[in-house]
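> Build the 3D model from these lines:
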Amino acid sequence: EVQLVESGGGLVQAGGALRLSCAASGDTIGDYSVTWFRQAPGKELEGVSSLDDSTYYADSVKGRFTISRDVAKNRVYLQMNTLLPEDTAVYYCAADPLLKAHGWALAGLYDYWGQGTQVTVSS
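This is a model prediction of the structure:
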């Protein structure tokens, strides 16, 4: 069973960048589909980006965010560039051993979740 811990959130001005990290322990993160979700105040959980055999991005972040994996460090990263105030949210990483493909953004399909990291983008 994998345990996930997110880090890298913070306060940044619009146009800035952050890199979120999802550190895995207890298992090899390369054996899992890993997805970043976010939840803004008063809004539903939203799939942001996913990595298994392919990469997937929400339309709202395409061209600005990049998901990657470092197997040696057992981590998945989310590089977020050109941040907008609407990117403000708590960001979670989630993992599941099954490939998700086009169902990647369905939160109910993931068994393992981190505790979240806050990202705040000021205008």
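> Enumerate the beta-bridge partners assigned to the most centrally placed residue in the chain.
Nearest to the mean C-alpha position of the chain, counting by C-alpha atoms, centre = their mean, stands Trp36 at 2.1 Å. Beta-bridge pairing of Trp36 under DSSP bridges involves Ser49, Cys93.
> if I look at it, how far off is Ser123?
Trp36 is 23 Å from Ser123, where distance means C-beta to C-beta, to the nearest Å. In this view, the C-beta of every residue, glycine as well, is placed from N, C-alpha and C.
> what's near enough to touch the residue nearest to the centre of the chain?
Counting by C-beta atoms under 8 Å, 6 or more residues apart in numbering, Trp36 touches 20, 22, 47-50, 67, 76, 78, 91-94.
> Could you find the closest non-adjacent residue to Leu11?
Leaving aside its chain neighbours, Leu11 sits nearest to Thr120 (4.7 Å; criterion: C-beta to C-beta, 6 or more residues apart in numbering).
> just Arg38 next, same as before
Closest to Arg38 by C-beta to C-beta, 6+ apart is Ala89, at 3.8 Å.
> can you check Gly114 too?
If the residues on either side of it in the chain are set aside, Gly114 comes closest to Leu4, at 3.8 Å by C-beta to C-beta, 6+ apart.
> again, but for Gly15
Per C-beta to C-beta, 6+ apart, closest to Gly15 is Thr82, 6.1 Å.
> That neighbour against Val12, yeah?
No - with contact defined as C-beta atoms under 8 Å, Thr82 does not count as touching Val12 (10.8 Å).
> Among these two, which residue is more densely surrounded?
Each of Thr82 and Val12 has its neighbours counted (other C-beta atoms under 10 Å); Val12 has more, 17 against 13.
> dump the residue contacts of the more buried one.
By C-beta under 8 Å, 6+ apart, the contact set of Val12 is Leu18, Leu83, Val119, Thr120, Val121, Ser122.
> ok, now Glu46?
Contacts for Glu46 were tallied using C-beta under 8 Å, 6+ apart; they are Phe37, Arg38, Gln39, Ala40, Ala58, Ala89, Ala105.
> Show the pLDDT at the nearest residue to the fourth one once chain neighbours are set aside.
So the one you mean is Ala40. Residue nearest to Ala40 in three dimensions, not counting chain neighbours: Ala89, with 4.2 Å by C-beta to C-beta, 6+ apart. Note on Ala89: pLDDT of 98.
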